[in-house]
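Novice: What follows is a predicted structure for the sequence shown.
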Amino acid sequence: MIIRGKQYNSLVDLEEDACARLSSNPSALGYFRSGAESGATLRRNLEQFDDYRLLPRCLVDVSKATTRCTILGQKSSMPVMVAPMALQCMAHSSGELGMKRGSVAAKVPMLLSTMSTISMDRVARVCGGHDVSDVSDGVGTFFQLYCLKDKELTRRIIEQAERLGFRGIVITVD
């Protein structure tokens, strides 16, 4: 993959570059590289990801192959969604706004974190209006919700996401 003119041959290469960029901010680097609690789930996820292999197909016509798909009713250029990640401004000043611009450019849906450093309405406006569903290619944005002890606050957050045009709510229950 090529990002801003730089060739990355693997996600490991991309991670190494990201770590180098965040090295001047050890708190941010530690936050983004860590997993919850003991990190057991993070380790297991990485182990399971390594279990997948590409199955090469030789002498097969791929001129009409596509990675386009629909995820939860939203068009996507590939079977990928941008995962919700909190506190993105710790990594870059554009934070979630930059991530949303990237998801629109890549034509993949995004999940905005409850713990976003940028408000829902500001992220919604990145899409060319006050509605995150207002993207000409149909790529939508979902909202990741932590169920808060304050049920009234949780209800108001859901209503705001609905009013702004978020395509759905993804509930985190950890």
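Specialist: Structure's in. What do you need?
Novice: which one's the longest helix in the chain?
Specialist: Secondary structure of the chain read by DSSP state H shows that its longest helix is helix 151-164.
Novice: Please identify the buried residues of that one?
Specialist: Buried residues in helix 151-164, counted by 16 or more other CB atoms under 10 Å: 154, 157, 161, 164. Placement of C-beta: from N, CA and C, glycine included.
Novice: which strands and helices sit next to whichever helix or strand comes after it?
Specialist: Next along the chain after helix 151-164, taking DSSP states H and E as the criterion, comes strand 169-172. Packed against strand 169-172 by the contact rule (3 or more CB pairs under 8 Å, 6 or more residues apart in numbering; DSSP states H and E) you find strand 141-146.
Novice: does the residue located most distally from the centre of the chain sit in a helix, a strand or a coil?
Specialist: Farthest-out residue of the chain from its mean C-alpha position, per CA atoms, centre = their mean: L59, at 34.9 Å. Classification of L59 using DSSP: H, G, I helix; E, B strand; the rest coil returns coil.
Novice: now it: how far from A65?
Specialist: For L59, the distance to A65 (CB to CB, to the nearest Å) stands at 14 Å.
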